[in-house]
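Engineer: Just to be clear, the model below is a prediction. Sequence and coordinates:
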Amino acid sequence: MVKNIYTLLGSFILIAALLVGCQPKEITSAKVYRQQKDWDNAIVQLEKAIVAYPTNAEAFFLLGEAYGEKQRWADMSKAFDESLKLDPAFEKDIKYYRDKYWVESFNKGVSKFNKNDMDAAIKMLKQAEMIDHTRPEAYRNLAVAYVRQDKMDEAIEAYKKALSIDDKHIETLNNMGMTYFQMNKYEEAVDTFKKVIAIDPANEKAISTLAFAYDRLGQADKAIAAYETALGNDPENADLLFNYARLFYQKGEYNKAISILEKVVADKPDDYESLLSVGDSYLRIGENFKNDANKLDADGASTKKIDELRAHAKDSYTKAIQYLEKAVEIKGEVPSIWHNLGVAYINAGLVEKGTKAFEKAEALKSGK
C-alpha cells in the first residue's frame, strides 16, 4: 500500500516537471529576472520569447508588466493588448496594472491642472491615455487643458476620442460645442448641440448656445426659435434677451425689440448696451414716422394724417431721450451717442439741448 502511494507521488512530480519543461526557456529566464527585479534583462528575454513564440499570451503579459516597471507606457499597452487578443487568461492582472498606473498618471495630471501648470498636466494626461486608451476621462481633461492653452484643434481631437468611447456624455458634447463656437465653426457647433438636445431636450447650455450659433450663421428664423426655447427655460437671462431682441432689430421690427429690451433694462437699469439699443430703436421708429409724414406732405395728403405721423415721430424721439441720456451717463466719451442724442433732442423740440449735444459730439471727435 505504501509502495503504491510513493508511485503515485512520483507520477505527480514527473507531470509537474514535464509542465515546467514545456515553458520556453526565455520565459523561464525572464521569471528569474522578474523575481530579482532585474527588468532590463527580463525585457531582453521576453522580447526574444514573443519573436520565437508569437502566440504565447503569457510572454506578452509578462513583457507588458516589465515595460510598465520601466515606464514604457506605449509599449506596455501594446503588449497587454496583444496578450488579451491571444488569450483572456491574464485579463484580471492586466486590468490591475493598467488601473494602477492610469490612476497615478491621471491624478498627477489633475493636480498639475489645478495648479495651472498646463504643460505638465497635458504630459501626465497623455501618459494616462497611453496606459489605457479605453477610458474617456483623460481625453476629457486633456481637451480642457488644450483649450486653456488656446490649442483648439488639439482640444477637438481629444473630445472626439472621448466621444468615441462614450458618445452620449453630455458635458463632453457641450464642451466640444462651445469649443467649436469659440473657433467660429458655427455649423459644427450646431451639429454638436443638436446631439446634446437629442439626449437631453431641456439642456439649457446647449439650447442657448445653439441659438447664438444660428444667430452667427445668419439663420434668423432658426435662431429666434432657439432663443424662444432657451428663454422658456431661463426667461430672465439678460444675454439671451438681448440677442433675441437684436434679431428683431435687424429685421426692422423695432417695437418688438424694444418690448424685449425693456425687460432687461427693468432688471438691470445700468445695462449700457440695452439702454443704447432701446434708444436707437426709438430713434429709428421716429425716423420712419417722420419720413412717412414728409412723403405724404410732398404728395399733398391730408394735414390731419401728416400731423398724426409727426406727433408719433416726436413721441418716439422723446422716448429715445431717456435711454440715450442714461447711456451717456455710463459712457460719456462716445461721439456717436451724443450725436444720436442731439438728433432726438432736436426732433423732440429741445433745440438748445440738441445743439449742445452736437457740439459735444464734435468736440469728442476732434479730441478737444
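Structural biologist: Structure received. Residues are numbered from 1 along each chain as shown.
Engineer: Thr355 contacts Gly342, correct?
Structural biologist: Yes. With contact defined as C-beta atoms under 8 Å, Thr355 counts as touching Gly342 (7.4 Å). No exception for glycine: its C-beta is placed from N, CA and C like everyone else's.
Engineer: quick one, which of those two is more surrounded?
Structural biologist: Under the neighbour definition other C-beta atoms under 10 Å, Thr355 and Gly342 were set side by side, and Gly342 has more, 22 against 13.
Engineer: gap between stretch 347-354 and the chain center?
Structural biologist: Centre-to-centre, stretch 347-354 and its host chain are 50 Å apart (C-alpha atoms, centre = their mean, to the nearest Å).
Engineer: Got the confidence number for the residue nearest to Asn56 when sequence neighbours are not counted?
Structural biologist: Among residues not flanking Asn56 along the chain, Ala49 sits closest, at 6.5 Å (C-beta to C-beta, 6 or more residues apart in numbering). As predicted, Ala49 sits at a pLDDT of 95.
Engineer: how about Ala49, what does it touch?
Structural biologist: 24, 26-27, 30, 56, 59, 63 (C-beta atoms under 8 Å, 6 or more residues apart in numbering).
Engineer: again with Ile94
Structural biologist: 61, 64, 80, 83-84.
Engineer: Could you rerun that using 10 Å?
Structural biologist: Residues in contact with Ile94 (C-beta atoms under 10 Å, 6 or more residues apart in numbering) are 60-61, 64-65, 68, 76-77, 79-81, 83-84, 88, 132.
Engineer: Dump the residues you listed to CSV, plus neighbour count.
Structural biologist: Conversion of the contacts of Ile94 to CSV gives the following (neighbours: other C-beta atoms under 10 Å):
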residue, neighbour count
Phe60, 27
Phe61, 24
Gly64, 27
Glu65, 23
Gly68, 22
Met76, 24
Ser77, 22
Ala79, 25
Phe80, 26
Asp81, 15
Ser83, 26
Leu84, 18
Pro88, 11
Asp132, 22
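Engineer: returning to what we had before: which of the helices or strands spans the residue nearest to Asn56?
Structural biologist: In this structure, Ala49 sits in helix 39-52 according to DSSP states H and E.
Engineer: How far away from the center of its chain is that helix?
Structural biologist: The chain centroid and the centroid of helix 39-52 are separated by 45 Å under C-alpha atoms, centre = their mean.
Engineer: Same question for stretch 252-270.
Structural biologist: The chain centroid and the centroid of stretch 252-270 are separated by 30 Å under C-alpha atoms, centre = their mean.
Engineer: ok, now stretch 56-76?
Structural biologist: Here stretch 56-76 is found 36 Å from its chain centre; the criterion is C-alpha atoms, centre = their mean.
Engineer: ok, the residue nearest to Lys319 when sequence neighbours are not counted to Leu296 distance?
Structural biologist: Computed as C-beta to C-beta, 6+ apart, the closest residue to Lys319 that is not its neighbour in sequence is Tyr282, at 4.6 Å. Distance of Tyr282 to Leu296, given as C-beta to C-beta, to the nearest Å: 21 Å.
Engineer: So the two - more neighbours on which side?
Structural biologist: Higher neighbour count among Tyr282 and Leu296: Tyr282, with 24 against 17, using other C-beta under 10 Å.
Engineer: you'd agree the more buried one is up against Ala320?
Structural biologist: Yes. Checked against C-beta atoms under 10 Å, the pair Tyr282 and Ala320 is within contact range at 3.6 Å.
Engineer: so what sits against both of those two?
Structural biologist: Applying C-beta under 10 Å, 6+ apart, one finds that Tyr282 and Ala320 are jointly contacted by Ala344.
Engineer: any idea how far the residue nearest to Lys319 lies from Asp117?
Structural biologist: Using C-beta to C-beta, Tyr282 is found at 52 Å from Asp117.
Engineer: Same check on Lys304?
Structural biologist: On the measure of C-beta to C-beta, Lys304 and Asp117 end up 76 Å apart.
Engineer: higher neighbour count, these two?
Structural biologist: Each of Lys304 and Asp117 has its neighbours counted (other C-beta under 10 Å); Asp117 has more, 15 against 8.
Engineer: So for stretch 142-153, what gets flagged as buried?
Structural biologist: For stretch 142-153, a neighbour-count test (16 or more other C-beta atoms under 10 Å) marks 142-147, 151-152 as buried.
Engineer: just stretch 46-64 next, same as before
Structural biologist: 46-50, 56-64.
Engineer: Need the max-distance pair from the contacts of Ile94.
Structural biologist: Gly68 and Pro88 (19.0 Å; C-beta to C-beta).
Engineer: residue ranges of the strands in the stretch 201-350 of the chain, please?
Structural biologist: Using DSSP state E, counting those that start in this stretch, no strands are assigned anywhere in the stretch 201-350 of the chain.
Engineer: where does it have low pLDDT?
Structural biologist: Within the stretch 201-350 of the chain, the set of residues satisfying pLDDT under 70 is empty.
Engineer: let's go with 80 and repeat that
Structural biologist: 202, 300-302 (pLDDT under 80).
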